[in-house]
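Chemist: show me the folded form of this:
(4 chains)
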Protein chains: 4
Amino acid sequence: MKSAKEYLKSIEELKIRVYLNGEKVDSIIKNPVTKTVVDAMAKIYELAQNPSYQDIMTAYSPLIQERINRSVHLFQSKEDLEKRVKMAILTSRLLGTCNYRCPGCDILNGLASTTYEMDKKMGTKYHEKLINYVKWVQKNDLAVSGSVTDVKGDRGKRPKEQDPDMYVRVVEKRDDGIIVRGAKIHQSGAIAAHEHLVIPGTAFRKGEEEYAVAFAVPSGSKGLTYICQYTPEDAERLAAEDQYQLGNPLYGIRETCMIIFDDVFVPWDRVFMCGEIEFTGILVSRFARTHRMTCGGACKVGFGDLMIGAAQAVAEYLGISNAPHVREKIVEMVRINETLHACAVAAAFRGMEEPEGSGIYLPDRMFSNVAKLNCAEGFWRLMALLGDICGGLAATMPSERELKNPETSEYIKKYLKARVSAEKRMRITKFIQNWVASPHGVGTWHGAGSIEAQKIEIYRTVNLEEKRKLAENLAGIKD
Amino acid sequence: MKSAKEYLKSIEELKIRVYLNGEKVDSIIKNPVTKTVVDAMAKIYELAQNPSYQDIMTAYSPLIQERINRSVHLFQSKEDLEKRVKMAILTSRLLGTCNYRCPGCDILNGLASTTYEMDKKMGTKYHEKLINYVKWVQKNDLAVSGSVTDVKGDRGKRPKEQDPDMYVRVVEKRDDGIIVRGAKIHQSGAIAAHEHLVIPGTAFRKGEEEYAVAFAVPSGSKGLTYICQYTPEDAERLAAEDQYQLGNPLYGIRETCMIIFDDVFVPWDRVFMCGEIEFTGILVSRFARTHRMTCGGACKVGFGDLMIGAAQAVAEYLGISNAPHVREKIVEMVRINETLHACAVAAAFRGMEEPEGSGIYLPDRMFSNVAKLNCAEGFWRLMALLGDICGGLAATMPSERELKNPETSEYIKKYLKARVSAEKRMRITKFIQNWVASPHGVGTWHGAGSIEAQKIEIYRTVNLEEKRKLAENLAGIKD
Amino acid sequence: MKSAKEYLKSIEELKIRVYLNGEKVDSIIKNPVTKTVVDAMAKIYELAQNPSYQDIMTAYSPLIQERINRSVHLFQSKEDLEKRVKMAILTSRLLGTCNYRCPGCDILNGLASTTYEMDKKMGTKYHEKLINYVKWVQKNDLAVSGSVTDVKGDRGKRPKEQDPDMYVRVVEKRDDGIIVRGAKIHQSGAIAAHEHLVIPGTAFRKGEEEYAVAFAVPSGSKGLTYICQYTPEDAERLAAEDQYQLGNPLYGIRETCMIIFDDVFVPWDRVFMCGEIEFTGILVSRFARTHRMTCGGACKVGFGDLMIGAAQAVAEYLGISNAPHVREKIVEMVRINETLHACAVAAAFRGMEEPEGSGIYLPDRMFSNVAKLNCAEGFWRLMALLGDICGGLAATMPSERELKNPETSEYIKKYLKARVSAEKRMRITKFIQNWVASPHGVGTWHGAGSIEAQKIEIYRTVNLEEKRKLAENLAGIKD
Amino acid sequence: MKSAKEYLKSIEELKIRVYLNGEKVDSIIKNPVTKTVVDAMAKIYELAQNPSYQDIMTAYSPLIQERINRSVHLFQSKEDLEKRVKMAILTSRLLGTCNYRCPGCDILNGLASTTYEMDKKMGTKYHEKLINYVKWVQKNDLAVSGSVTDVKGDRGKRPKEQDPDMYVRVVEKRDDGIIVRGAKIHQSGAIAAHEHLVIPGTAFRKGEEEYAVAFAVPSGSKGLTYICQYTPEDAERLAAEDQYQLGNPLYGIRETCMIIFDDVFVPWDRVFMCGEIEFTGILVSRFARTHRMTCGGACKVGFGDLMIGAAQAVAEYLGISNAPHVREKIVEMVRINETLHACAVAAAFRGMEEPEGSGIYLPDRMFSNVAKLNCAEGFWRLMALLGDICGGLAATMPSERELKNPETSEYIKKYLKARVSAEKRMRITKFIQNWVASPHGVGTWHGAGSIEAQKIEIYRTVNLEEKRKLAENLAGIKD
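Modeler: Numbers count the residues shown, from 1 in each chain, chains lettered A, B, ... in the order given. Next up, the predicted model:
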């Protein structure tokens, strides 16, 4: 497995076209914003080599019969799923931001399950190609980024009723491979990955075969352009002279980008779906099922732990940690967070091999969708409660640079101290601001799919017929 | 194991002093209200002998090396806990009311865990006595009812600052046993059990040793009086000529009673705690932990399935099952219900042997308390949503007797029909009324302890120190 | 104006065909269930003659130039609307149930506004007929019940796609009047009114003219049959030997009935709409607008005051009124209740003459619909909180008859006492049960229309275009 | 009255010591961040001279018998209060941020009411001094900023148990005036006002007389230092080359500062309270009562209108405005917003002269506190719903500078277009980001006091005794 240093070196060598705030990024390792992604990724490599985390961060791969980074593992059991949950919680707790490896990991598993079934039913050879790809990724310990969400354009129209490139599609099939065009958006950490694994973002219908395409391309392939997000938090980081004046000093907020596929060539051995529209919905649903467990019930639980911890810290600093209303709010935060957690744990433990014989384990479809749906609502509530306990300073705090300004520093030290120094209080307050006055709420809501997507999955999963009959039976209603 | 018939016979032979609506109940098997309890209990015995449910309803007891009713099992593993969850869901789905066996079962386990620790730390012999008692119960396949909640009197006062009998207590210690006095309240189904297992309802302090008492007494022991609840639903049942005009025809609503202990004698071999105040809190917490998983995340999930099923049924009957707002509400009901379910599944799977070496498995303390807390809020919401879909008729429906009234029956048949006959619609509507216009909301809220009790347990369980340090660490705050 | 005694006499003389629980009601004044309606109605007459309430309960009618019962007043100003709000709160506070006069009052006003406009636009003469009718009602101080909700049958079908009588309709037009057929449901207190005012329950379309009918008929007209609701609370009341063992001793729960119109003749001077489909939606909306202010923001606020009062009472009885969590819950109850109240007050104060020149004042359409929508959700929450504070006894209390049972009364007195006697505690607990374990939740939700009806009105009322432009303008977006 | 130009000139002449991000601000008119405050203030002056807004933005002052800016008006009637509400909504709709005049206005009224009572009861002369001050302010049309919130330090300690300067206090009384020391925080727009009106932030007790101080000082007085907040949004604005790449281009987010009072001299004629501890609670409560109506039920309603408008705009741009779930969410946003609105309207209309004879009108205490409490919760919900409709782009959008970057602009134009151009969509998305990923949630929660402050006021205002008696009476409970 790669060390963090080896990872950094491998990334440094990539030549990729990245833009941020209207300008080209010369070095993603040096630019203060893109650097947070690289550092978070490097931390994942580092954790995998830390003996105390090895059981969680790595797995034994039966494919290459070696210990591997769990982020590129195909889940073989319920225990694997449970450790997947633990890994996401752990990394969130230690990074305070995206670990940037989840979508890739969850797509690998969704694809493995789906290609197995495709091959069985359609006589295709996708599964074998995918397994070969996975082996290569595992052996070289590569970071694989996942690409799902299309830009969509006018959502009231099908792909072909508008500019046909609003969903990534095959524009040409050649003997040696395919040419793809389009753009994927909200790609967390894609700039610092070695590989991109691309799948459809929705189910497609007859006549839309060109959109039913799944494939892998190396980062920096010809035709790829990355355009980074630009938020107020990014602007603040670019302007900061000292990252310790920022809310999550080392790792910042989740950084995403758009990836433009401008007629990119993909050889056939990296194509895992090409035209099989009937499997697009299945693939998306299986990926989503794994990803919603991870996002809704694990990643955000780690964040929740940090928010609860920050609430407790600031309450102690302010001298209010024993006030009944503060305890009540802390308990409410814990209730929300552990509810999400329980959904993921249940999803993992009720996981199952799917399809039978594939050897791939997917979490329970109901619980994973419920995890994410609860998370969307719950996370905003965590924000509100944390903001309540911290007080208005989370919105109105002066810059920590004032601590070094001779004309104001004595005022700040005197008037912002509490049970602790002004510096400590400002640090936790800035950390809290990063959670409560930032893109976290809306990002959490939409990450792993909007709530309507989860509702549809829940409606499809629930057995209403069975429940109706139970009720009718007890009510004494016969057919 | 007893058959339902054998159970009925054994109950018929009990001579117990039961009062309902100001009158003595001559036969609890014949009285229309108490009969629902007996019938529900009998159904549990029946299910245990039904091969399709055997894996869930029965267990193998290592104590007597036989298959037993799971309701008197001491849990030996996480799988046992998971099946405990499944059993509660199953019985709720089939009864539509309390199965009346949960508190007894959960107290047995809480006591087994606690007496093991007591004996270890205090050199007492409670565990051995309890195990002997459990063996006897298992061999004779008895129904054991659990008694926890004291009447409490003035809650602003400690037990000895008021009438000292407001909490069950030892009034005399004799060579052969103890004399207990007091009353337990909210005792679900106690009238139809063979045995009562009594534990303290709260933690007691130094000087309150007389209240630290746990014991078992046979139903109908000298000095015991049972005073049943009397609700509008009970009145309706007493007045009904045909139980099929009632909301849950066969099994009704949960029936509880007060049990008065008027100087009841308990021999020493049935006393499992006597004065060990330091273990009262532990015992209550361990019982509650098991019981909150069962109540909040299993029993009510079975009810929720019936409510969802009834919502779907009535929506189909009315021709609105495809309206977007109806689907949205069904999904919301499912989300709530499966969230509770997930909490229980997670509590079971994260269960653990406690104390180590005892062989007794208890569910995860956090998840079980969260299950019940979510349930308290969630159940009212299920009621509101079911009531929405059913329409105002759930509150305003005429009696089903009108269907047999020659002067009104044609009107009713004509004007209350929908996609189905008026009769069918009235049946499902009455069933729904039983859920949405009944004691279910407040009963669910308080069953297994009020929400404040759960909040206290959650606050005690969460590791705030660890979370605070994680936050401070990421924020760059050093000591 | 009629005294309560005169009202009772006038009702006694009515010969109406009323059925309850499958049997004919001989005397609605004597039957324990129907009597609660009569008594509540009588109380309204009594309050109107009580000098302390005169300003609220009566109004000066410019039509007959006399002081009248406000329940038959046409609102002339915002102050009238505000007093309407106060009247509803007052009567709810004093009755603890429906005052049974609201729908009639609110329909009178909706009709007056709509007939004025109809006559203007269509050249009809409905308004004059209505005003004459109102004068007659005012002079004779009659109780007018309102009938709106049709039974609807299959809601997936239009009226003529199914049994055409599922909505009240004109089956024959004659020289002297019309013949109507159908049934109205959820008619609160209709059995104890002198008059029924009937309007369409929804908007009708071209081809459905027979359903666009509004008219008045005297109670007990030929062809009218009343079939009462039958709930567990009704059963309990029928069985009770002493009404003081019931939850709301004097006035019970809201009693409704179905009214069957079996080819009822209505003379032309009592027909206020006949075929004008384009005004059905307007009429329903104007009625609803007034009624939702009254129901959602006034009637239920009076109930809320009783629930808050009961919560405070039981908290004091139990010795917990100063516990922080109890105070928090009381405040939450007050917040909810005063929010509903504010919506009604705002609806009244922002009321307006509509149509201009009509002299009729209607409340603000947005605020009144918001009042009802908030109420639907808020009322369930009030129930949950009240149930929390009361404790499980609200579900499990023995009959108060036990207090008179020599074999149990000492036990009950001893074990159900708190800071007050068992009797007092049982009385408040039974009163609370009446709110938290009864049809109130679902009845409040659907009364004045289901939440979907309010949502539609809100969507129609809001000016999205204006708001969109404000946003675009600030965002710097030009066309 | 001043024109916007005259205002700007008057502000330019002020010499005040302002710091932002660790540096001195040379010109608050030119600095991109402080400029937004000045521009918003100028807009208020401009609106007051706009004939279409004159009725709302100005008032007739009986004190100077001239038309004045309503922001410095003493409310003479319920109509004045209602126009106060309308003014706040209007300015929020047109600015999309704080109008910076509310606290000053609401304190003027709270002080006028309280000093009237103080003088009556204590024989002091504060009211006359205050009226003279108000006349001078009105004649010169000055912007008065209000200062309430102390920095507080350790909230577990009273002011004198810690550094005594954690609450603003009198450190010296001289013949000609007093010397004050301390700091006020969260001061919205204070840097661009002419005057600061300072009152205690909480109730003080015997022995804490030095903290019971209210006074006015001119902006830029000797000893005053202003330290501005520094948020990511401020950083982004400082870095932006074109304000139209920002979320609320012209007026930005609410800008606040700390004001340090480093031994500032205040002459006696500007001191309006000095030592009268018994009136500190009253003063805070009366100010809060007015301010919570304004903040919770008016200012935020204007913001809500913008959020609803932005939701509708982006839904139309994306082609989803007719999806049922989008309509449902828009309706939910409207419900929340109009609920807050109703609370303020009711608070204004139920306003009253207080104390009698003072001529000063204050809004209803219950409704105003309820307005703010509902707003705290409601605003986060508006954010969540707006974020839902906009989609993840609110978190992940690239910089609008990409539109001018030749290497990326074609990609952006192609892939971010929807039913409208990429530019339009990006503009509304950035505007939305300003609401959903910014300090608005936590700022709204704490503005006008934390929710606990409102809960305390509600508990003090509600008449529980009356409600308890109503419940007991109906339940048949006699003393």
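Chemist: drop to CA atoms for contacts and neighbour counts, all remaining ones
Modeler: Noted.
Chemist: grab the nearest non-local neighbour of residue A:372.
Modeler: Nearest in space to residue A:372, with sequence neighbours left out and distances taken as C-alpha to C-alpha, 6 or more residues apart in numbering or on different chains, is residue A:296 at 3.9 Å.
Chemist: hmm, I was thinking of residue A:459
Modeler: With C-alpha to C-alpha, 6+ apart, the residue lying closest to residue A:459 is residue B:331, at 5.9 Å.
Chemist: ok, now how distant is the one you found from residue B:325?
Modeler: From residue B:331 across to residue B:325, the span is 10 Å (C-alpha to C-alpha, to the nearest Å).
Chemist: and for residue A:323?
Modeler: In terms of C-alpha to C-alpha, residue A:323 sits 42 Å off from residue B:325.
Chemist: next one: residue A:142
Modeler: For residue A:142 relative to residue B:325 (C-alpha to C-alpha), the value is 46 Å.
Chemist: okay, those two: which has more neighbours?
Modeler: More neighbours surround residue A:142 than the other of residue A:142 and residue B:325, with 21 against 16 (other C-alpha atoms under 10 Å in any protein chain shown).
Chemist: how near is the more buried one to residue A:41?
Modeler: Residue A:142 is 11 Å from residue A:41, by C-alpha to C-alpha.
Chemist: residue A:352 now?
Modeler: Remark: distance between residue A:352 and residue A:41 (C-alpha to C-alpha) = 30 Å.
Chemist: neighbour count winner among the two?
Modeler: residue A:41 (24 against 20).
Chemist: element containing the more buried one, please.
Modeler: In this assignment (DSSP states H and E), residue A:41 forms part of helix A:32-49.
Chemist: which element follows that helix toward the C-terminus?
Modeler: helix A:54-57.
Chemist: list the buried ones in that following helix?
Modeler: Using 16 or more other C-alpha atoms under 10 Å in any protein chain shown as the test for burial, helix A:54-57 gives A:54, A:56, A:57.
Chemist: for that helix, what is the average pLDDT?
Modeler: Average pLDDT, helix A:54-57: 97.
Chemist: tell me what that helix is packed against?
Modeler: helix A:32-49, helix A:78-95 (3 or more C-alpha pairs under 8 Å, 6 or more residues apart in numbering or on different chains; DSSP states H and E).
Chemist: do you know which of these lies nearest chain B?
Modeler: Among the helices and strands packed on helix A:54-57, helix A:78-95 comes nearest to chain B, with 6.8 Å by C-alpha to the nearest C-alpha.
Chemist: got the buried residues for the closest one?
Modeler: Buried positions in helix A:78-95, judged by neighbour count with 16+ other C-alpha under 10 Å: A:78, A:80-95.
Chemist: show me the contacts for residue A:246.
Modeler: A:236, A:237, A:240, A:252, A:430, A:431 (C-alpha atoms under 8 Å, 6 or more residues apart in numbering or on different chains).
Chemist: which pLDDT value goes with it?
Modeler: We have a pLDDT of 97 for residue A:246.
Chemist: residue A:238: neighbour count?
Modeler: Here the count is done by other C-alpha under 10 Å, and residue A:238 has 16 residues near it.
Chemist: how about it, secondary structure?
Modeler: What DSSP: H, G, I helix; E, B strand; the rest coil gives for residue A:238 is helix.
Chemist: so it sits right up against residue A:34, yeah?
Modeler: No: shown here, residue A:238 and residue A:34 do not form a contact pair, counting by C-alpha atoms under 8 Å, at 10.1 Å.
Chemist: measure residue A:68 to residue D:214 for me?
Modeler: From residue A:68 to residue D:214 the distance is 68 Å (C-alpha to C-alpha).
Chemist: need the contact partners of stretch A:357-365.
Modeler: A:74-78, A:81, A:109-110, A:112-113, A:116, A:286, A:289-290, A:293, A:346-354, A:461.
Chemist: what about the strands in chain A?
Modeler: Applying DSSP state E to chain A gives strands spanning A:18-20, A:23-24, A:58-61, A:66-69, A:144-147, A:169-173, A:177-188, A:195-198, A:213-218, A:224-228, A:256-267, A:271-274, A:352-353, A:361-362.
Chemist: can you count the residues close to residue A:356?
Modeler: Quick note: residue A:356 (other C-alpha under 10 Å) scores 12 neighbours.
Chemist: separation between it and residue A:115?
Modeler: According to C-alpha to C-alpha, residue A:356 stands 13 Å off from residue A:115.
Chemist: returning to that earlier point: near chain B, anything from the helix holding residue A:41?
Modeler: No: figure legend: helix A:32-49 not in contact with chain B (C-alpha under 8 Å from any C-alpha of the partner chain); closest approach 12.6 Å.
Chemist: what helices and strands are in contact with that helix?
Modeler: helix A:4-12, helix A:54-57, helix A:232-239.
Chemist: try it again with 10 Å
Modeler: Identification of packing neighbours for helix A:32-49 by 3 or more C-alpha pairs under 10 Å, 6 or more residues apart in numbering or on different chains; DSSP states H and E yields helix A:4-12, strand A:18-20, helix A:54-57, strand A:58-61, strand A:66-69, helix A:78-95, helix A:232-239.
Chemist: distance to residue C:387 added to these, as CSV?
Modeler: Shown next, in CSV, are the helices and strands packed on helix A:32-49 (distance: least, C-alpha to C-alpha, whole Å):
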stretch, distance to residue C:387
helix A:4-12, 57
strand A:18-20, 56
helix A:54-57, 45
strand A:58-61, 50
strand A:66-69, 52
helix A:78-95, 37
helix A:232-239, 46
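Chemist: out of the ones you listed, the one nearest residue A:380 is which?
Modeler: helix A:78-95 (17.3 Å; C-alpha to C-alpha).
Chemist: hey, C-alpha coordinates of that closest one in PDB?
Modeler: Coordinates of the C-alpha atoms in helix A:78-95 are reproduced here as PDB (Å, rounded to 0.1, in the frame of the first residue of the first chain):
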ATOM      1  CA  LYS A  78     -21.900  -7.900   6.600                       C
ATOM      2  CA  GLU A  79     -18.800  -7.400   8.700                       C
ATOM      3  CA  ASP A  80     -17.200  -5.600   5.700                       C
ATOM      4  CA  LEU A  81     -20.200  -3.400   5.500                       C
ATOM      5  CA  GLU A  82     -20.100  -2.600   9.200                       C
ATOM      6  CA  LYS A  83     -16.400  -1.700   8.900                       C
ATOM      7  CA  ARG A  84     -17.300   0.500   6.000                       C
ATOM      8  CA  VAL A  85     -19.600   2.400   8.300                       C
ATOM      9  CA  LYS A  86     -16.800   2.600  11.000                       C
ATOM     10  CA  MET A  87     -14.300   3.800   8.400                       C
ATOM     11  CA  ALA A  88     -16.600   6.700   7.300                       C
ATOM     12  CA  ILE A  89     -17.200   7.700  10.900                       C
ATOM     13  CA  LEU A  90     -13.500   7.600  11.700                       C
ATOM     14  CA  THR A  91     -12.400   9.600   8.800                       C
ATOM     15  CA  SER A  92     -15.100  12.200   9.300                       C
ATOM     16  CA  ARG A  93     -14.100  12.600  12.900                       C
ATOM     17  CA  LEU A  94     -10.400  13.000  12.000                       C
ATOM     18  CA  LEU A  95     -10.800  15.200   9.000                       C
END
